[in-house]
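[1] Show me how the following folds:
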Amino acid sequence: MALSFRHSVIALLVGTLSLSAALPAAADFTTDQLPDIGTTAGGTLSIGQEMQMGDFYVRQLRASTPLINDPVLVQYINQLGNRLVAQAYSVKTPFHFFLVNNQEINAFAFFGGNVVLHSGLFNYTDNESELASVLAHEISHVTQRHLARAMEDQQRNAPLTWVGALGSILLAMASPQAGMAALTGTLAGAQQGMISFTQANEQEADRIGIQVLQRAGFDPEAMPTFLQKLADQSRTSSAPPEMLLTHPLPDSRLADTRNRANQMPRVVVRSSLDFLLAKMRVLGMYGSEEGRLSEDVLGPLERGNVREQTAARYGRAILFYQAKKYADAARLLESLLAQDPGNVWYLDLFTDVDLGQSRAPQAIARLEKANAANKNPVLQLNLANAELEAGRPSDALRILNRYTYSYPDDPNGWELMAQAAAKQNLRAQELSARAEGLALNGKIDQAIELLSNASAQSRLGSLDQARYDARIDQFRQMQKRFSQYQRS
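    So this is what the prediction gives:
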């Protein structure tokens, strides 16, 4: 594999770009509007086209990458990400944040406001500001439309060439050799022009990102601190962190961010309890041998402040649950819930503990009590799952009909709906739910086939049949829109 090619091509397409010289001393710290360089990328790619391409590649991402669909973790990273987005300028699209089960330190962004974090970041970020600094950088690549602007700058390349390259990026995540071979074939000959263009992009993402970070109430010093960690790890390990393959770190980049942070007001920002609980959950449930929850992690937390001690107890409850020591896990969770009865992290884990002991009615009672005052989607999903385990699929289906209407892009809802419908012998509804799950993974042909079977099993002229047929038409239109990307 040619690393020089990987550095430049992957970096451009996923918004992880190289940096050139240091910023001028009189750099502007007050605005992050799109610069007046004679283009806003609208001539090559519209916002609508970006969103359409983003939708296509998110579906491919789900199919080829080990995404973590853990409801509480997905909710947390989206809340954190959108807190930053709320402080960004030039936001043209909704944002969606995803978590990949990968212990390498990395993150990337692509068309349509889609940002992906590797779970390994939780092992290497010591506080929430550091994690937020990574997100702010990737968000800035999106708001500044770096991919679209790159396409406009490289007008000699047809848009579909770039689309094919982005598809190869996703392929590379699942099969590195195949993905890099596809990239080489797709973008051979365009490499040098891309390298020179990306230098300004990475510099801009750092400049904009640190402003977004500060406005969102995080410590701007976290950005150079995290970059310093990467630099230190690169010097002391035999292989550099994966993030440095796609985020080259010359001395100028680190100096620039430190210079900007030093010119901003110093603030003391404590990590939220949610960040600490997320860290415990990632390390406890998805960590590798090197990044697994252990005494080395829990011990210092237990000697820390109140939030850290609380997180350590939650971490120990996770370890007890993983070891099937349900009574010990329940004891810790009961004490945690006594202090914070509506906490979704505790309620979600306690549901799993109860179901592990075949105590679904207890889980339902607890969730219904909490959900009465807090219509949290995580609790709704937990309640539907508990109803299923309790042998009450009709009650689960009632919850899931509302849930999938409100959150149609969550694969968890459709999977549970398919199970609930199957337990009631509602074959057409089961097929419909499975079709939606397949479509979220980009398998539109299979989704249409299942919906056609669902329509054939429905009463002729019924509302259900009309609904399935209308959805088939929508999927066919989707196929038509996506066909150009599939050909590429």
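[2] Quickly list what the residue positioned nearest the centre of the chain is bridged to.
    Nearest residue to the geometric centre of the chain (CA atoms, centre = their mean): residue 98, 1.1 Å. For residue 98, the beta-bridge partners are residue 116 (DSSP bridges).
[3] what residues are up against it?
    58, 61, 67, 74, 77, 114, 115, 116, 117 (CB atoms under 8 Å, 6 or more residues apart in numbering). From N, CA and C alone the C-beta is placed, and that goes for glycine too.
[4] The first one: what's it in contact with?
    By CB under 8 Å, 6+ apart, the contact set of residue 58 is 96, 98, 112, 114.
[5] Can you pull the poorly scored residue ranges out of the protein?
    Low-confidence regions of the chain, defined by pLDDT under 70, span residues 1-44, 148-199, 234-251, 289-291, 372-374, 487-488.
[6] Using the record's domain definitions, break it down for me.
    3-262, 425-488 (automatic domain parsing).
[7] now the contacts of residue 58: which count as buried?
    Among the contacts of residue 58, those classed as buried by 16 or more other CB atoms under 10 Å are 96, 98, 112, 114.
[8] Which members of the residues you listed are the farthest-apart pair?
    Using CB to CB, the buried ones among the contacts of residue 58 span at most 12.1 Å, a distance reached by 98 and 112.
[9] with the buried ones among the contacts of residue 58 in mind, which one is nearest to residue 51?
    Closest approach to residue 51 among the buried ones among the contacts of residue 58 (CB to CB): residue 112, at 4.4 Å.
[10] thinking again about what came up before, list just the nearest of the contacts of residue 98 to residue 92.
    Using CB to CB, the contacts of residue 98 come closest to residue 92 at residue 114, 13.1 Å.
[11] Now do the contacts for that closest one.
    Listed by CB under 8 Å, 6+ apart, the contact set of residue 114 reads 54, 57, 58, 61, 95, 96, 98, 142.
[12] what does residue 133 give?
    Residue 133 sits next to 209, 210, 213, 218, 222, 223, 226 when contact means CB under 8 Å, 6+ apart.
[13] for these, which one is nearest residue 398?
    If you rank the contacts of residue 133 by distance to residue 398 using CB to CB, residue 218 comes first, at 40.7 Å.
[14] and the closest one, how many residues sit next to it?
    28 (other CB atoms under 10 Å).
[15] repeat for residue 48
    Neighbour count for residue 48, taken as other CB under 10 Å: 11.
[16] Adjust the sequence numbering to begin at 42 for everything that follows.
    Yep, numbering from 42; the last one is residue 89 now.
[17] Using the three-state scheme, assign it.
    At residue 89 the chain is in helix, as set by DSSP: H, G, I helix; E, B strand; the rest coil.
[18] Can you tell me the closest non-neighbouring residue to residue 158?
    Nearest residue to residue 158 in three dimensions, chain neighbours excluded: residue 148, at 4.9 Å (CB to CB, 6 or more residues apart in numbering).
[19] now the strands for this protein?
    Under the criterion DSSP state E, the chain carries strands at the ranges 137-141, 148-151, 155-159.
[20] would TSV of those with distance to residue 443 be doable?
    Below are these laid out as TSV (distance: least, CB to CB, whole Å):
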stretch	distance to residue 443
strand 137-141	21
strand 148-151	31
strand 155-159	26
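[21] For residue 303, which of the ones you listed is the nearest?
    Nearest to residue 303 among the strands of the chain is strand 148-151 (24.5 Å), distances taken as CB to CB.
[22] Parallel or antiparallel, list what pairs with that closest one.
    Applying DSSP bridges, strand 148-151 is found paired with strand 155-159 (antiparallel).
[23] next one: the strand it pairs with to chain centre, how far?
    Distance, stretch centre to chain centre, for strand 155-159: 4 Å (CA atoms, centre = their mean, to the nearest Å).
[24] residues in contact with the residue nearest to residue 440 when sequence neighbours are not counted?
    Counting by CB to CB, 6+ apart, residue 440 lies nearest to residue 425, which is 4.3 Å off, once chain neighbours are set aside. Residues in contact with residue 425 (CB under 8 Å, 6+ apart) are 437, 440, 441, 444, 454, 457, 461.
[25] what's the burial count for the fifth one?
    Looking back up the chat, that one is residue 454. Look at residue 454: counted by other CB under 10 Å, it has 27 neighbours.
[26] can you check residue 525 too?
    Residue 525: 15 surrounding residues under other CB under 10 Å.
[27] My read is that residue 371 contacts residue 390, right?
    No: Residue 371 is beyond contact range of residue 390, at 9.8 Å (criterion: CB atoms under 8 Å).
[28] These two: who's more crowded?
    Under the neighbour definition other CB under 10 Å, residue 371 and residue 390 were set side by side, and residue 390 has more, 28 against 21.
[29] gap between the more buried one and residue 349?
    For residue 390, the distance to residue 349 equals 18 Å [CB to CB, to the nearest Å].
[30] returning to that earlier point: relative to residue 425, how far out is the residue nearest to residue 158?
    From residue 148 to residue 425 the distance is 31 Å (CB to CB).
[31] same check, this time on residue 337
    Look at residue 337 and residue 425: by CB to CB, they are 37 Å apart.
[32] cool, residue 161 as well?
    Note on residue 161: its distance to residue 425, by CB to CB, is 31 Å.
[33] Repeat that for residue 184.
    Distance from residue 184 to residue 425, by CB to CB: 36 Å.
[34] go on, residue 479?
    Distance from residue 479 to residue 425, by CB to CB: 20 Å.
[35] go on, residue 490?
    With distances taken as CB to CB, residue 490 is found 26 Å from residue 425.
[36] thinking again about what came up before, I'd like the buried ones among the contacts of residue 99 laid out as JSON lines, including distance to residue 379.
    As requested, the buried ones among the contacts of residue 99 are exported to JSON lines (distance: CB to CB, whole Å):
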{"residue": "137", "distance to residue 379": "35"}
{"residue": "139", "distance to residue 379": "34"}
{"residue": "153", "distance to residue 379": "43"}
{"residue": "155", "distance to residue 379": "39"}
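[37] who are the neighbours in contact with residue 361?
    The neighbours of residue 361, taking CB under 8 Å, 6+ apart as the test, are 367, 369, 370, 373.
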